[in-house]
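> pasted the sequence and its predicted model underneath.
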Amino acid sequence: MKFFVSCAKGLEYLLADELQALGVARATATISGVNAEGELADAQRAVLWSRLASRVLWPIADFDCPDEQAMYDGVFAIAWEKHLRPELSLVVDAHVSGEAITHARYAAQRIKDAVVDRLRQQGLERPSVDVDQPDVRINFSLRKGRATVSIDLGGGPMHRRGWRKDQTEAPLKENLAAAVLMRGGWPALYREGGALLDPMCGSGTLLIEGALMAADVAPGLQRHGNVLPSRWLGFDVDRWREQFAEAVARESAGRAALRPAFFGSDIDSRAIRAANENEVLAGLAGQIQWQTRDIAQLAAPVADDVPGLVVCNPPYDERLAADADLYRLIGDALKRAVPQWRASLLCGNADLAYATGLRAQKKYQLFNGTIECSLIVCQPIAPPQRERSEPRVLSEGAQMVANRLRKNLKKFKSWRAREGVDCYRVYDADLPEYAAAIDVYQQEGEGAVYLHVQEYAAPATIPEADVRRRFSELLAAAREVFGLPQEQVAIKSRARGKGGSKYGRFDERGQALWVNENGARLKVNLFDYLDTGLFLDHRPLRRRMAQEARGKHMLNLFCYTGVASVQAAVAGAASTTSVDLSANYLEWCAENLKGNGLTGTAHELVHADAMRWLEAERAQFDLIFCDPPTFSNSARAEDFDVQKEHVRLLRAAVNRLAPGGVLYFSNNFRRFRLDENAVAEFARCEDISAQTIPPDFERNARIHRCWKLQRY
């Protein structure tokens, strides 16, 4: 069966990995959750063992739901007598989107009525409603006219572990605490003899969660005890008892072997008292050392040769004032007390993370409720300082590259100033023996400059030593001309090996930058992937579409990170619809929209195979952008070859054009040949490639091809 496991936004990929480790056959991350496939026993195991999940929803029915009556009828049609007994209590959680049904509480009431009416029609008694501790919790989800009715197998929010008695003003949810610990590599570090420290521990959530993880205690044990998480009639009680007994045995062994490696401190004595009480309730009495102490007096809790992890959730929201000076104090204290440890810090935002003065190897965007946070992972906290060396003298070859870079910067200066271009290509194998592309990315607000250097494959006849030397010279020239440290240069180098020349491993820093293009704020990632999230060669085409989009409905197929959608929306598009098969890219697109204040139903994200979606869709659009990949063989969609499929794709896209609408079709397959005769059967087609190549790509005029199509 397919089932859904929800989580806080930002935990999706971590949750997918956790579910697969728990034995779920397939787990695919989507927005705020994971689409899972497995047996009922797998879903029940997730209820017992998942540290990250919010809910586990097992679907029992789905149906078209265009209006309120259809909702009632669809729920009434379910054989509820097979799912719950009349003496059991129930509650309904409803989540609705769209224009037909807009009030979730009213929808929940009508769904409850349909369930009760069905049971009474069968001659059964009316079940009672229990909002706090129902026997059966029903989940109703309505999205894009399709309703799904599920049983909440966990019976309620799974972040509750069952041990919390007291809390400080802004407690951290336990599943988010687990994510902070997992991103910091805590379980493995504990097995290596490591220690855990929280210098601003509050009511102790991070340390208690870390201790329970180290003791192999299933998060559902104390939450459910001997009470079934759900009394739904389909619940496999015998299997749950087996799973529960196994978890109890593991808990017993884990607690007996637990090392006292946990240290917490806080300036607030009331928080320490609350943490002490919570520790006892969690069955950890005596395992955690608590201390009332200002972080400025922080000291290493163990010997210097013991590895450790610092976890911390400093104040940052509207109830607890975010103070950049405090974050600086945290960074200074950690560098002084435990410089060689690693740290996993949940900061209020990127600016506060930056204020710590710590260099993060990885950064993650998480949500603590509705608050967007920045999780930074540092390893180690204080890297050893590099010795300063004398300025390097550029070799003759490097000097040639430097001269060309300066020449290009001068050439592009007036054009960049005229069109407000902050991100551009400054070098594209101008000197053939130095075969690479160098792109410049400037952070918004005249911020820091970064370079993205992508090495091209050298002919097999060139010795590898020469290839490496030339690329090193090119990098030296680039850093010299722009005056940048190594940390601000993203390098995508190629390595020869079996199967030919391929790009090596990337940095995986999790470091995002915000840049500007055509009036829009855009998130880019220069270090973690081959592509950065922004195809610079499409800049003129995106500007053209944005100028045409005002008041119109735009469709962006194969949308990638949604840049064209965002720029059209910023320019005043009435609506945008962005379609892609990658949930990761759609989440990136959502961040770009949010970064420009674009929220609400006018800007829709569709997680689907673009071809299938197009052929099933009936809406019409004034402006369509279609920039497909050359090839795709995803397991979640049909194989795609742009040369073979482009006529079918364009026919389906043209059918979605409103009267007077325009379709822009682009691709970067060098050997692509448009089937003009076939396309002429259903659309007027004009090759506008030359109009869409910007000045910084003139050396590589076939970087892409572009056509304008309109219906007859």
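Received it, and whenever you're ready, just let me know what you need. Numbers count the residues shown, from 1 in each chain.

> compute the number of surrounding residues for residue 618.
6 (other CB atoms under 10 Å). In this view, the C-beta of every residue, glycine as well, is placed from N, C-alpha and C.

> one more: residue 575?
20.

> quickly list what residue 291 is bridged to.
On the basis of DSSP bridges, residue 291 is bridged to residue 265.

> for residue 579, same thing?
residue 557, residue 606.

> distance of it relative to residue 621?
11 Å (CB to CB, to the nearest Å).

> tell me where the stretch 351-500 of the chain has helices.
396-419, 464-482 (DSSP state H, counting those that start in this stretch).

> residue 107: which of the ones you listed is closest?
helix 396-419 (49.3 Å; CB to CB).

> follow-up on the earlier one: who touches both of residue 579 and residue 621?
residue 555 (CB atoms under 8 Å, 6 or more residues apart in numbering).

> how far is stretch 564-572 from where the chain is centred?
22 Å (CA atoms, centre = their mean, to the nearest Å).

> still on that earlier bit, columns mean neighbour count on top of the helices of the stretch 351-500 of the chain, output as a markdown table?
Listed next are the helices of the stretch 351-500 of the chain as a markdown table, based on neighbours: other CB atoms under 10 Å:
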| stretch | mean neighbour count |
| --- | --- |
| helix 396-419 | 15 |
| helix 464-482 | 18 |
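
> which of those helices sits closest to residue 611?
helix 396-419 (34.8 Å).

> I'd like the average pLDDT over the closest one.
For helix 396-419, mean pLDDT is 95.

> just stretch 134-149 next, same as before
Average pLDDT, stretch 134-149: 94.

> just the CA atoms of that stretch, as PDB, please.
Taking C-alpha atoms only, stretch 134-149 is exported to PDB below (Å, rounded to 0.1, in the frame of the first residue of the first chain):
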ATOM      1  CA  PRO A 134     -10.100   9.600  20.500                       C
ATOM      2  CA  ASP A 135     -10.000   5.800  19.800                       C
ATOM      3  CA  VAL A 136      -9.900   6.500  16.100                       C
ATOM      4  CA  ARG A 137      -8.500   9.700  14.500                       C
ATOM      5  CA  ILE A 138      -9.700  10.200  10.900                       C
ATOM      6  CA  ASN A 139      -7.700  12.500   8.600                       C
ATOM      7  CA  PHE A 140      -9.400  14.100   5.600                       C
ATOM      8  CA  SER A 141      -7.300  15.900   2.900                       C
ATOM      9  CA  LEU A 142      -8.700  17.800  -0.100                       C
ATOM     10  CA  ARG A 143      -6.300  19.000  -2.800                       C
ATOM     11  CA  LYS A 144      -7.100  20.000  -6.300                       C
ATOM     12  CA  GLY A 145     -10.600  18.500  -6.200                       C
ATOM     13  CA  ARG A 146      -9.400  15.100  -5.000                       C
ATOM     14  CA  ALA A 147     -10.200  13.900  -1.500                       C
ATOM     15  CA  THR A 148      -8.300  11.300   0.600                       C
ATOM     16  CA  VAL A 149      -9.600   9.800   3.800                       C
END
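
> what are the buried residues along it?
134, 135, 136, 137, 138, 139, 140, 141, 142, 147, 148, 149 (16 or more other CB atoms under 10 Å).

> surely the third one touches residue 229?
No - the pair formed by residue 136 and residue 229 falls short of the contact definition of CB atoms under 8 Å, at 10.6 Å.

> tell me which stretches of the stretch 251-400 of the chain form strands.
For the stretch 251-400 of the chain, the strands defined by DSSP state E, counting those that start in this stretch occupy 262-266, 288-292, 308-312, 342-347, 362-368, 371-378.

> what does the stretch 501-650 of the chain give?
Taking DSSP E, counting those that start in this stretch as the test, the strands found in the stretch 501-650 of the chain are 513-517, 520-524, 553-557, 575-580, 603-607, 621-626, 631-632, 640-641.

> of the ones you listed, which is nearest residue 11?
strand 603-607 (17.5 Å).

> residues in contact with the residue nearest to residue 301 when sequence neighbours are not counted?
Distances taken as CB to CB, 6 or more residues apart in numbering put residue 263 closest to residue 301, at 4.0 Å, once the chain neighbours are dropped. Residues near residue 263 by CB under 8 Å, 6+ apart: 195, 196, 197, 198, 207, 288, 289, 291, 301, 302.

> report the residue ranges of every domain in this protein.
Taking automatic domain parsing as the domain assignment, the ranges for the chain are 2-152, 174-215+258-378, 396-503, 535-711.

> rebuild those domains as a markdown table, extending it with distance to residue 240.
Shown next, in a markdown table, are the domains of the chain (distance: least, CB to CB, whole Å):
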| stretch | distance to residue 240 |
| --- | --- |
| domain 2-152 | 5 |
| domain 174-215+258-378 | 20 |
| domain 396-503 | 47 |
| domain 535-711 | 31 |
